[in-house]
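Undergrad: Have a look at this prediction, sequence included:
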Number of protein chains: 2
Amino acid sequence: MHGEIIAIGDELVSGKVLNTTASFAANKLFYAGCQVTRITSIGDDPDDIEECLLTAIKRSKYVIITGGLGPTTDDITNEVTAKALGRPLVLNEMILEKIRRAKHRFVNPVFLREKLAWLPEGAEVLNPEGRAAGYLLVHQDTPLFFLPGVPGELEDHMVQRVIPRLSKFISKKIKIRQQTFKVFGLSETEINALFEKLESSRDGLSIGYYPNFPEVNVTATVKGLNPEKVAEIFHMACNTIKQLLDKHVVAVNEETLEEIVGRLLLEKGGVLSLAESCTGGLVSQRVTSIPGSSGWFERGVITYSNKSKEDLLGVSRETLSLYGAVSSPTAVEMADGVKRLAGTGYSLAITGIAGPSGGTAQKPVGTVHIALSTPERTVAEQFRFAGTRHMIQILAAETALDLLRLYLSYGKRSQGTASALLSGT
Amino acid sequence: MHGEIIAIGDELVSGKVLNTTASFAANKLFYAGCQVTRITSIGDDPDDIEECLLTAIKRSKYVIITGGLGPTTDDITNEVTAKALGRPLVLNEMILEKIRRAKHRFVNPVFLREKLAWLPEGAEVLNPEGRAAGYLLVHQDTPLFFLPGVPGELEDHMVQRVIPRLSKFISKKIKIRQQTFKVFGLSETEINALFEKLESSRDGLSIGYYPNFPEVNVTATVKGLNPEKVAEIFHMACNTIKQLLDKHVVAVNEETLEEIVGRLLLEKGGVLSLAESCTGGLVSQRVTSIPGSSGWFERGVITYSNKSKEDLLGVSRETLSLYGAVSSPTAVEMADGVKRLAGTGYSLAITGIAGPSGGTAQKPVGTVHIALSTPERTVAEQFRFAGTRHMIQILAAETALDLLRLYLSYGKRSQGTASALLSGT
């Protein structure tokens, strides 16, 4: 069941915006057994859109069309489709009603938004409850899915509406199982080397590597017509992969490292506080992005200046002048300080040089000290990260959270793991 | 001079890899006046490649073909091109020589790499000194550029070889000017309505709208053959747009809101401190992502618990019990507290309910109070944001930074602007 994607928008062909939505859709379709063989990006040009649409219908078993469904004047997908397929625009009363009743944050001109209610004849709205009017049009037995180009809306439509409906058009049902392992502390080539035997030994199994900085996502995919066989190979593969990657798996599938840390803290009844310097709130922001994090996160401080390290955390002037702000003793006093003030069982402290300036021969850009304080004790380690300011901040935040994850999961057995893996020191 | 790009590779149509190289190339070509009207991604399939190539030659003034030029068995671009265009593969002695002498990091089988020396008849190697064999083939007066798909190599080729050569094929040189306005506080449709007259009134001007949550990017593009005319229309359009969007423009082109805020603070010699609750460090993280932010940012605190609001910021227990943690009085005390402790001239405080739980009838999810403290005084406003937890956090952070930007740019004249625009209250 091969199909294609047409992505419409001047911003795509001028290279202003990356076509991430088509890539997302293609990936979902791939795993649903409905592989895409062509992705075409075209501008907001009626002739191009018409030609592209008609050719695609002739050539492919299904077509996904994204973009150009909005209310502004450069959104012309519906008009062009109506003309190309000889299906006049028909007023969809339900959408019109929704538009008129909608309470918007902004004072929106209703006449512009009413354009969204005119769809080509035969259009079936995919998500009548939602805001964006993606729709399905079956033309000459070919399903055409018209989807909004905005990433979040397209993704919702793909997962919840398109894949389930497209499955009905598939004659042979291919069974696909997939699991994603989020790996931190091993490079793609290192993982690849670990998997050498695994890859060649199992039928129907394919391993994908997608760097998603600072993690590498490893996906195990098993495809086949026999569901039992697929399940068997899938479980064996996942078990083997888990053993091979071991402590480096920070999360699985949609879960994130910060969610895992939160769950582990809740299990132990532990509460976390944070003292950040060079990461500037990145760890706090990741932690508080999790719903319910107030149950296991008490406070964070971003002590960017030396003064704030003294005032807020009680880091001693002696330590700062003797070892400097970027040092393990300072990190330890930061972690102890915030833990004491917040009255929590756990704390993390991060101090380092994210750059681009501020580095010295002794403490080059990328030098980061991370302290983890637990009910037992406080330990600090030095790391040396490479990359841009942004990359160094991300690596430092991930490493800090991962140190806590390793401690909570493996206790003392985790000792030295992170430093051995992550540091060049 | 319109052209198109064909990108070859199974990894593109399966959505495993984003087509960043095509986007890069399209952007370079756009600004060189050689606009791309179509980008097609296809798999490593000979029939698809042949069909795509022949159609593109008929349709476009030039074609860029990327990918499939490597030494492995799935790299078939040269063979397919030779067959499609009736140009037999010819051994390029120079490349062969280079391959045989080359020292490689890996022990590469020479017979595999020798494949790289066989190019379609008439191919002119673009970079004889380089490693990757990108080449130009002029077929029926249409320049076809075959480029390696690896990002770094393609980018070198585009900038140093393709653009200069393509310029020779352009008879009429189109001049292009573009500016992006980052807008916050107006929806796409509202902007579109503001621009109604502008769009229809000027020749060669096009306006694009690209939502980039929580902002909308508005681009003004002017194209034409006469550089003076283009410059004139461009400047008039930009001035008009600036007037129409007024205070809603938070930044222009590559700049960000947080960079603007930093620049304005530096100009005034002001330093900022932050007290965040429901945004959990998001504002601090945005601020500290800017190199040199230590020059205008002193500290941040993330006071997630009531206790931390009392301890760290001196918010009074009376205020907390009388008005609650999510209230303007609490926000004001948070802002005053962090400003006093940090000894800064400016502070922002944010307290609210990001959800999904924690809302009440009186204070539903999305209720956020933001206080801005300046050397003159401290004011707080209530906002009501819609969306997921993540969206509410992003809207709150953006609004807080924007309040500060408005104050620093317009002083008292900014009063009420943000609240009128952003809040449903």
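TA: Sure thing, it's come through. Just so it is clear, the structure is predicted and the values come from calculations on it, not from any experiment.
Undergrad: For the stretch 1-150 of chain A, give me the ranges with low pLDDT.
TA: For the stretch 1-150 of chain A, the stretches flagged by pLDDT under 70 are A:102-112, A:130-132.
Undergrad: what about the helices in the stretch 51-200 of chain A?
TA: A:77-85, A:93-101, A:110-113, A:151-157, A:163-167, A:188-194, A:196-201 (DSSP state H, counting those that start in this stretch).
Undergrad: got TSV for the ones you listed, with mean neighbour count and distance to A:Asp402 too?
TA: For every residue, glycine as well, the C-beta is placed using N, CA and C. As requested, the helices of the stretch 51-200 of chain A are exported to TSV (neighbours: other Cβ atoms under 10 Å in any protein chain shown; distance: least, Cβ to Cβ, whole Å):
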stretch	mean neighbour count	distance to A:Asp402
helix A:77-85	20	45
helix A:93-101	14	45
helix A:110-113	16	46
helix A:151-157	19	27
helix A:163-167	16	33
helix A:188-194	14	16
helix A:196-201	11	24
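Undergrad: mind checking which of these is nearest chain B?
TA: Nearest to chain B among these is helix A:110-113 (4.7 Å), distances taken as Cβ to the nearest Cβ.
Undergrad: thinking again about what came up before, indicate which one of the helices of the stretch 51-200 of chain A is closest to A:Leu137.
TA: A:Leu137 sits nearest to helix A:77-85 of all the helices of the stretch 51-200 of chain A, at 7.5 Å, using Cβ to Cβ.
Undergrad: show me the residues around the nearest residue to A:Leu119 once chain neighbours are set aside that make contact.
TA: For A:Leu119, the nearest residue in space outside its immediate sequence neighbours is A:Asn92; the separation is 5.3 Å by Cβ to Cβ, 6 or more residues apart in numbering or on different chains. A:Asn92 sits next to A:117-119, A:123, A:125, A:133 when contact means Cβ atoms under 8 Å, 6 or more residues apart in numbering or on different chains.
Undergrad: rerun that using 10 Å as the cut-off
TA: Contact analysis of A:Asn92 by Cβ atoms under 10 Å, 6 or more residues apart in numbering or on different chains lists A:98-99, A:116-119, A:123, A:125, A:128, A:133, A:135.
Undergrad: could you flag which of the residues you listed are buried?
TA: Neighbour counting with 16 or more other Cβ atoms under 10 Å in any protein chain shown marks A:98-99, A:116-119, A:123, A:125, A:133, A:135 as buried within the contacts of A:Asn92.
Undergrad: Take these and keep only those in strands.
TA: Mapping the buried ones among the contacts of A:Asn92 onto strands (DSSP state E) picks out A:118-119, A:125, A:135.
Undergrad: coming back round to it: gap between the residue nearest to A:Leu119 and A:Ala117?
TA: 5 Å (Cβ to Cβ, to the nearest Å).
Undergrad: which residues are common contacts for the two?
TA: Shared contacts of A:Asn92 and A:Ala117 (Cβ under 10 Å, 6+ apart): A:98-99, A:133.
Undergrad: Tell me the one of these nearest B:Leu85?
TA: Nearest to B:Leu85 out of the shared contacts of A:Asn92 and A:Ala117 is A:Ala133 (Cβ to Cβ; 44.3 Å).
Undergrad: what about stretch A:247-265, average pLDDT?
TA: On average, the pLDDT along stretch A:247-265 is 96.
Undergrad: Return the set of buried residues in that stretch.
TA: Going by neighbour count (16+ other Cβ under 10 Å), the buried part of stretch A:247-265 is A:247-251, A:256-262, A:264-265.
Undergrad: Quick one: distance of it to the chain centre.
TA: 14 Å (Cα atoms, centre = their mean, to the nearest Å).
Undergrad: Say whether chain B is contacted by that stretch.
TA: No: under the criterion of Cβ under 10 Å from any Cβ of the partner chain, chain B is not reached by stretch A:247-265; the shortest gap measures 10.9 Å.
Undergrad: mind checking which of the helices of the stretch 51-200 of chain A is nearest B:Cys52?
TA: helix A:77-85 (21.1 Å).
Undergrad: For that closest one, name the packing helices and strands.
TA: Identification of packing neighbours for helix A:77-85 by 3 or more Cβ pairs under 10 Å, 6 or more residues apart in numbering or on different chains; DSSP states H and E yields strand A:3-8, helix A:46-59, strand A:62-66, strand A:89-91, strand A:118-120, strand A:135-139, strand A:142-147.
Undergrad: for the first one, the distance to its chain's centre please.
TA: On the basis of Cα atoms, centre = their mean, the separation between the geometric centre of strand A:3-8 and that of its chain is 23 Å.
Undergrad: Just checking: what are the partner strands of it?
TA: In the sheet containing strand A:3-8, its partner strands are strand A:36-42 (parallel), strand A:62-66 (parallel), by DSSP bridges.
Undergrad: coming back round to it: tell me the two of the ones in strands among the buried ones among the contacts of A:Asn92 that are most distant?
TA: Taking Cβ to Cβ, no two of those sit farther apart than A:Trp118 and A:Val125, at 12.3 Å.
Undergrad: what is in contact with those two at once?
TA: Residues touching both A:Trp118 and A:Val125 (Cβ under 10 Å, 6+ apart) are A:92, A:95, A:133.
Undergrad: Make a markdown table from these and add distance to B:Asn217 to it.
TA: Below are the shared contacts of A:Trp118 and A:Val125 laid out as a markdown table (distance: Cβ to Cβ, whole Å):
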| residue | distance to B:Asn217 |
| --- | --- |
| A:Asn92 | 29 |
| A:Ile95 | 27 |
| A:Ala133 | 23 |
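Undergrad: Closest one to A:Leu29 out of the residues you listed, please.
TA: A:Ala133 (21.2 Å).
Undergrad: so that closest one makes contact with A:Ala117?
TA: Yes: between A:Ala133 and A:Ala117 a contact is recorded at 7.8 Å, counting by Cβ atoms under 10 Å.
Undergrad: any common contacting residues for those two?
TA: Shared contacts of A:Ala133 and A:Ala117 (Cβ under 10 Å, 6+ apart): A:92, A:94-95, A:98-99.
Undergrad: Give me the distance from the helix or strand hosting A:Ile350 to the chain's centre.
TA: Element membership for A:Ile350, per DSSP states H and E: strand A:346-352. Its chain's C-alpha centre and that of strand A:346-352 lie 25 Å apart, by Cα atoms, centre = their mean.
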